[in-house]
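Novice: output the structure for:
(chains A and B)
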Amino acid sequence: EAQVTQNPRYLITVTGKKLTVTCSQNMNHEYMSWYRQDPGLGLRQIYYSMNVEVTDKGDVPEGYKVSRKEKRNFPLILESPSPNQTSLYFCASRTVYNSPLHFGNGTRLTVT
Amino acid sequence: AQSVTQLDSQVPVFEEAPVELRCNYSSSVSVYLFWYVQYPNQGLQLLLKYLSGSTLVKGINGFEAEFNKSQTSFHLRKPSVHISDTAEYFCAVSGYSGGGSNYKLTFGKGTLLTVNP
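Specialist: You can find the predicted model right below:
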């Protein structure tokens, strides 16, 4: 089954403790992206990747890192999480520029 | 820069009534338009998309949307809603976004559709 898989689904952590949210897709998509969803703000892009070893900032990249060493994986790294990063995170992928994004099921992160 | 405005944050309707969720966009280049639906505790699913051609686009679950270039709108409609249509709906626009060739998908803030019995 074609899918985008994120782990974990839920994560509670404390300020400053590094964490990684994994994302993997099995559709051979070149483009991958991370979004965060906050009430009243919709979805905002954090980082994106056009292909392996090619990443760039989205609209809200502060406090996040990503890497794209393999085509299928696009982990999101929070080196020193803070409470304002408490949010619902989505990974997504697509093929060509006008194709729809395929979304993972989300990771709900709480930073205390 | 592109942007999306969903004019209603919440839309309550009764079952079997028609519904329209409004979306306006701005972009300086050709755009591609999408509607996504998010059911509680789930990710986003594509409802429908406009890439080119006919301005009336049909999607899943009986939804349709009409692209109106002159009014820069892409409103979503359904003639008769069901309880199961209760969800949050997001309009999104994809257009070239400068450096890095990022055809970024920009989302509206969402419209919560609540269908009451």
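Novice: and stretch B:39-51, what's buried?
Specialist: B:43-50 (16 or more other CB atoms under 10 Å in any protein chain shown). All C-beta atoms are positioned from the backbone trio N, CA, C, and that covers glycine.
Novice: contacts for it, please.
Specialist: Stretch B:39-51 has contacts (CB atoms under 8 Å, 6 or more residues apart in numbering or on different chains) with A:4, A:43, A:90, A:92, A:98, A:100-101, A:103-106, B:32-38, B:57-61, B:63-65, B:67, B:74, B:76, B:87, B:89-90.
Novice: how far does it stretch from one end to the other?
Specialist: For stretch B:39-51, the separation between the terminal residues is 25 Å (CA to CA, to the nearest Å).
Novice: break down chain B into its strands, ranges please.
Specialist: Taking DSSP state E to define them, one finds strands in chain B at B:3-6, B:10-14, B:19-21, B:23-26, B:32-38, B:44-50, B:56-58, B:64-68, B:73-78, B:87-96, B:103-107, B:111-116.
Novice: for the helix or strand containing A:Leu88, what is the distance to the chain centroid?
Specialist: Using DSSP states H and E, A:Leu88 sits in strand A:87-94. Remark: strand A:87-94 is offset 5 Å from the chain centroid, using CA atoms, centre = their mean, to the nearest Å.
Novice: give me the helices and strands touching the very next helix or strand once past it, please.
Specialist: Counting by DSSP H and E, the next helix or strand C-terminal to strand A:87-94 is strand A:102-103. Under the contact criterion of 3 or more CB pairs under 8 Å, 6 or more residues apart in numbering or on different chains; DSSP states H and E, strand A:102-103 touches strand A:87-94.
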